[in-house]
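Trainee: Sequence first, predicted model second:
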Amino acid sequence: MKLKYILFAFFTAGILSVSSFAQVKLTGAGSTFDYPIFSKWFDTYNKMTGVQINYASIGSGGGIQQVTASTVDFGASDAPLTEDQMKTFQEKRGTEVIHIPIIMGGVAITYNLPSVGQGIKLDGETLADIYLGEITKWNDPRLAKLNPGKNLPNKSILVAHRSEGSGTTFIFTSYLTKVSSAWAKKVGVSTSVNWPVGLGAKGTEGVAGIIAQTQGAIGYIELAYAVQNKLPYAIMKNKDGNYINVNFNTVSAAAAGAVKNMPKDLRAVITNADGKNAYPISGFSWIVVPKDIKDYSHAQTLVKFLRWAVTKGQGDAESLYYAPLPAQVQKLDLAKINSITSNGKKIN
Amino acid sequence: MNETSDLIKAYLGKKDKGKNDSPSFIKKILGNGNIGDFIFERLTLLFALLVFLLVLFMGWQMYSNSLLSIKKFGFHFLANSTWDPVSETFGALPIIFGTVVSSFLGLLIAVPLGISVAVFLSEVSPNWLEKPLSFLTELLAGIPSVIYGLWGIFVLVPWLRDIVEPFLQNEFPNSPLFQGATYGFGMLAAVIILAIMVLPIISSISRDILKSVPDSQREAAYALGATKWEVTKIVLGNAKSGLLGAIMLGLGRAIGETMAVTMVIGNSPKISSSLFDPGYTMASVLANEFTEATSDLYINALIELALVLFIITIIINILARLLVWSTERKWKLNPI
């Protein structure tokens, strides 16, 4: 009888010590845009496997710096690394950087025009000219031409944008850069730019606040926020010439449309993508990891988590108002994840 | 004073005589002092120096981390007015302008109000009113700035946009201060928010300072037949340097204020004479752009901006000190 208990005790102690041995903690840092879905994933994954992942949402720039300096296992960024950053990464870590598209987001163009209501139509050049300060009134002939039958008021347009650096701004300015040569020349693309006109507000909720309060205001915010708060948003003309509503399907369609031109390193900026149904202001968010990870157990845990996140994890996307990765991109991701090594060895 | 130290010396001498006849090394350093006093003095000196070293260290850190930008832009950093992260041209002039103007105008509103509140509380107000009123002003000082910011967005900005700004524009159609579209967001909103945030600091510290002026002075003045206003003038004169200190603390808060300002100022690095136009402040730029700054030069430029803020704060504090010294000297040479 007693022996049984002792054996049982030994047995459980053995299991406990083994499992606590195998317990690897991962740390990550970066994008604030990714934070809501990451915390959901880390929680679910922890309950499933016991793996603990700590994430600091300090911003994409910070995430890239930290993973370059080897202080975290992975970084998360809404903008891909620049050539310079990739070079620095190579020099500091002695291995190349891998970009893994992890989730998608769309950017909605919202506005406040009570007399017009939902669904004004816009195309890229007109939007760029509004943000350049060339079009200043809602009843401008160019806007009227896009919206026949809509009674656009003789009101000044108040342009709102994010004041802090943000992935949403990166996606938005990359779209304007692609569709307007004037924008490309005068402003360009970055997480924060030198805005020619308008008011800067802190955070998505700040931009939404300005729009909600000011008649005649226009601004860009994350899809999630526009849907949750039922804000009116513009129907955008895409590359194929169709007018597209922003939602999870059309954002995913943009990724699908971009797959055939996907660069090998997966650093695809998919604004103004091909495809009948593609919403033109969409973008990936990436997890950034080194190609070769010294510590095998860390590498293995990370790889297993990433495989889960880009497949099963995508199921959580819509409930948190992200757009899931389409199947083709998931496949590319898995191939990329499988190319991660530990000291040159493959990881199972 | 001399008597007591003689007594202590005598006491120490007596105590030491029995224990130790040859003067030890420690005693040589101490002279006739006490070892506890020695440690106490040096320890406090060390801590005082530590604060000074910390300031130097911070300055040096910011300098060494902004070398890239200092070398690239030199004085253009202060004189150029383009802040463009894409082409990596960084000129901080509009941001410095926004910081100085918003803080200065905020103080312009808050100082007369704050000191009047303090005078009322310490000189005029009956006792039963003083307690709750001072409690309320101090309560204002404890409200977190993000709450002021939210109040700014939801109450102040609509009020400015719908009532105050159109009114000002109608009354003064030619004034360069009130030009442009009336959005509510902009320099005016930031100035008013700052004034409200700084007011309780100035008034509560000023009240304490006025209270600390000895009653004998008031009594003496009354005895000579002074009116209430004349007595108040004397009290204010005596409290001058303290009041200036209170104003400087207020200015410190105004210059460093980040959250509330960034929520209402419009965050656009442009110099404009109109109070309705958006502006930007150094603290807001740092808070907004630091997280997503990716290139080295960008980060260096932001740190240089922090260095400029640091130096401006130090200069203002030095000026304030000098002002206090000069008024004190005048006061000593030529009392009322």
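Mentor: Nice, thanks for sending it over. For clarity, every value in this text was computed on a predicted model and none was experimentally measured.

Trainee: Tell me which residues touch the residue most central in space within chain B, please.
Mentor: Nearest residue to the geometric centre of chain B (C-alpha atoms, centre = their mean): B:Gly252, 2.2 Å. The contact partners of B:Gly252, taken as C-beta atoms under 8 Å, 6 or more residues apart in numbering or on different chains, are B:313, B:316-317. (C-beta placed from N, C-alpha, C; glycine too.)

Trainee: one more time with 7 Å
Mentor: Contact analysis of B:Gly252 by C-beta atoms under 7 Å, 6 or more residues apart in numbering or on different chains lists B:Thr313.

Trainee: ok, now A:Ser70?
Mentor: Taking C-beta under 7 Å, 6+ apart as the test, what A:Ser70 contacts is A:Arg93.

Trainee: and with 10 Å instead?
Mentor: By C-beta atoms under 10 Å, 6 or more residues apart in numbering or on different chains, A:Ser70 lies in contact with A:92-93, A:290, A:294.

Trainee: repeat for B:Leu107
Mentor: Counting by C-beta under 10 Å, 6+ apart, B:Leu107 touches B:114, B:191, B:194-195, B:198-199, B:202, B:247-248, B:250-251, B:254-255.

Trainee: Next, give me the two most distant ones among those.
Mentor: B:Val191 and B:Met248 (18.5 Å; C-beta to C-beta).

Trainee: What is the subsequent helix or strand relative to whatever helix or strand the residue nearest to the centre of chain B lives in?
Mentor: For B:Gly252, the enclosing helix or strand under DSSP states H and E is helix B:240-256. Heading C-terminal from helix B:240-256, the first helix or strand you meet, by DSSP H and E, is helix B:259-264.

Trainee: what number of residues lie near B:Ser326?
Mentor: 11 (other C-beta atoms under 10 Å in any protein chain shown).

Trainee: Oh, that last question was meant for A:Lys137, not what I typed.
Mentor: Neighbours of A:Lys137 using other C-beta under 10 Å come to 14.

Trainee: Any idea what it is bridged to?
Mentor: A:Ser156 (DSSP bridges).

Trainee: doesn't A:Leu158 make contact with it?
Mentor: No - the pair A:Lys137 / A:Leu158 is not scored as a contact, 11.3 Å apart, by C-beta atoms under 10 Å.

Trainee: If I look at the nearest residue to B:Lys211 once chain neighbours are set aside, what pLDDT would I see?
Mentor: Leaving aside its chain neighbours, B:Lys211 sits nearest to B:Ser122 (5.1 Å; criterion: C-beta to C-beta, 6 or more residues apart in numbering or on different chains). What the model reports for B:Ser122 is a pLDDT of 90.

Trainee: again, but for A:Ala254
Mentor: A:Ala254 is assigned a pLDDT of 91 by the prediction.

Trainee: buried residues in the helix holding B:Gly252?
Mentor: B:240-248, B:250-255 (16 or more other C-beta atoms under 10 Å in any protein chain shown).

Trainee: Need the phi and psi values for A:Ile98.
Mentor: Here the main-chain torsion angles of A:Ile98 (degrees, to the nearest 10) amount to phi -120, psi 130.

Trainee: Pull the number of nearby residues for it.
Mentor: By other C-beta under 10 Å, 20 other residues sit near A:Ile98.

Trainee: In the stretch 1-150 of chain A, which residue sits nearest chain B?
Mentor: A:Gly59 (2.9 Å; C-beta to the nearest C-beta).

Trainee: Kindly provide the distance from that residue to B:Pro126.
Mentor: 54 Å (C-beta to C-beta, to the nearest Å).

Trainee: Between these two, point out the one with more neighbours.
Mentor: A:Gly59 (28 against 6).

Trainee: Show me where the stretch 201-336 of chain B dips below the pLDDT cut-off.
Mentor: B:330-336 (pLDDT under 70).

Trainee: Alongside chain A, which residues does it contribute?
Mentor: Contact residues (C-beta under 10 Å from any C-beta of the partner chain) of the stretch 201-336 of chain B with chain A: B:258-259, B:262-270, B:277-278, B:280, B:284-285, B:287-296, B:298-299.
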